[in-house]
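Colleague: sequence and computational prediction follow.
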Amino acid sequence: MVDPTIRGDIRTATGQPNEQITECLIQSWTEGHNLRAGEWNQQREEEDQAIAEAVLARAAQEEEARRQQEVEAAKSNSTQRRRNPR
């Protein structure tokens, strides 16, 4: 009887017993899965790092804008006090 599965094809090509073929297939799948999972985890870490850096950059920009507004307000108040001394 012909085995219509990949295991049958491998057995025909290599002459290995089903148990050995099954173990090789499981090992191959597991290694590939672990590799893909590792790559996915690495990508997620890189994305998380990029997001964190963007948040910090945005916070720095907002802080700089706030400081600039304070400087402008101080300049404006100083100019008004010079024009209207009490």
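Modeller: Noted; the coordinates are in hand.

Colleague: what's around the residue nearest to P17 when sequence neighbours are not counted, how many residues?
Modeller: Of all residues not flanking P17 in the chain, R11 sits nearest, at 7.6 Å (CB to CB, 6 or more residues apart in numbering). Glycine gets a C-beta too; all of them are placed from N, C-alpha and C. Close neighbours of R11, defined as other CB atoms under 10 Å, add up to 16.

Colleague: pretty sure R11 contacts T22?
Modeller: No - contact criterion CB atoms under 8 Å: R11 and T22 do not qualify, at 10.3 Å.

Colleague: helices along the chain, start to end?
Modeller: Assigned by DSSP state H, the helices in the chain fall at 6-14, 18-83.

Colleague: ok so, going back, okay, the residue nearest to P17: pLDDT?
Modeller: The model reports R11 with a pLDDT of 84.

Colleague: how near is it to I26?
Modeller: According to CB to CB, to the nearest Å, R11 and I26 sit 15 Å apart.

Colleague: for Q61, same thing?
Modeller: 52 Å.

Colleague: please name every helix or strand in contact with the lowest-mean-pLDDT helix or strand in the chain.
Modeller: One helix or strand of the chain scores below all others by mean pLDDT, DSSP states H and E: helix 6-14, with a mean of 84. If contacts are counted by 3 or more CB pairs under 8 Å, 6 or more residues apart in numbering; DSSP states H and E, helix 6-14 sits against helix 18-83.
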